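Enquirer: Pasting the sequence and the predicted coordinates here, then a few questions.
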Amino acid sequence: MARRLRAERPAGSLPANAVGVLSHLHHYGPSSPGEIAAAEHQKAQSLTRVFAELQLEGLIDRRRSERDGRESVLSLTRAGRQALAQDMKARDQWLQAALDTLGETEIDVLLIAARILDRLSTATPGLADIDELEGTRGRRIAS
């Protein structure tokens, strides 16, 4: 699904890393480069050029952190919000058209699956949970 949604991005869209940064700032608010990099599973140095380009284009602002003057905080500008919305528009239109082909039961199943996937995406299982999952996985495979 992610691959298909990426394919629906129009030519000239923002690069994927830029969309990731803008999306993070949209969802979580002002953040340090390190926080964004960690959320994107990258090193802050890998995103340095992306941050600089977004700032140069007026899509993000950079200011000194009030907590630690050595650190900067990035925030989304109004232009950044508009660019993100425009970038998502074509994908949203495709997704809505695809969803319109589904029946009521299929939509209900997708809503349940989405809630489960959302929970899984934020889970931080401990070792006990992993052992339990491995035991469960073994039972499911054996079934």
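Expert: That came in fine, so what should we check first?
Enquirer: In stretch 56-64, which of the residues would be classed as buried?
Expert: Residues 59-61 are the ones in stretch 56-64 that count as buried (16 or more other Cβ atoms under 10 Å). No exception for glycine: its C-beta is placed from N, CA and C like everyone else's.
Enquirer: closest to residue 86 among those?
Expert: Among those, residue 59 lies closest to residue 86 (Cβ to Cβ), at 11.2 Å.
Enquirer: Tell me the confidence at the closest residue to the closest one other than its chain neighbours?
Expert: Closest residue in space to residue 59, ignoring its immediate chain neighbours: residue 80 at 3.7 Å, by Cβ to Cβ, 6 or more residues apart in numbering. We have a pLDDT of 97 for residue 80.
Enquirer: what's residue 80 sitting at in phi/psi?
Expert: Main-chain dihedrals, residue 80, degrees, to the nearest 10: phi -70, psi -40.
Enquirer: tell me the contacts of it?
Expert: Residue 80 is in contact with 22, 25, 54, 58-60, counting by Cβ atoms under 8 Å, 6 or more residues apart in numbering.
Enquirer: Just give me the closest of the buried residues of stretch 56-64 to residue 91.
Expert: Residue 91 has its nearest neighbour among the buried residues of stretch 56-64 in residue 59, at 18.4 Å by Cβ to Cβ.
Enquirer: I'd say that closest one and residue 76 touch.
Expert: Yes: between residue 59 and residue 76 there is a contact under Cβ atoms under 8 Å: 7.4 Å.
Enquirer: rewinding a little: would you format the buried residues of stretch 56-64 as a markdown table with pLDDT and secondary structure included?
Expert: As requested, the buried residues of stretch 56-64 are exported to a markdown table (pLDDT from 0 to 100; DSSP: H, G, I helix; E, B strand; the rest coil):
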| residue | pLDDT | secondary structure |
| --- | --- | --- |
| 59 | 97 | coil |
| 60 | 97 | strand |
| 61 | 96 | strand |
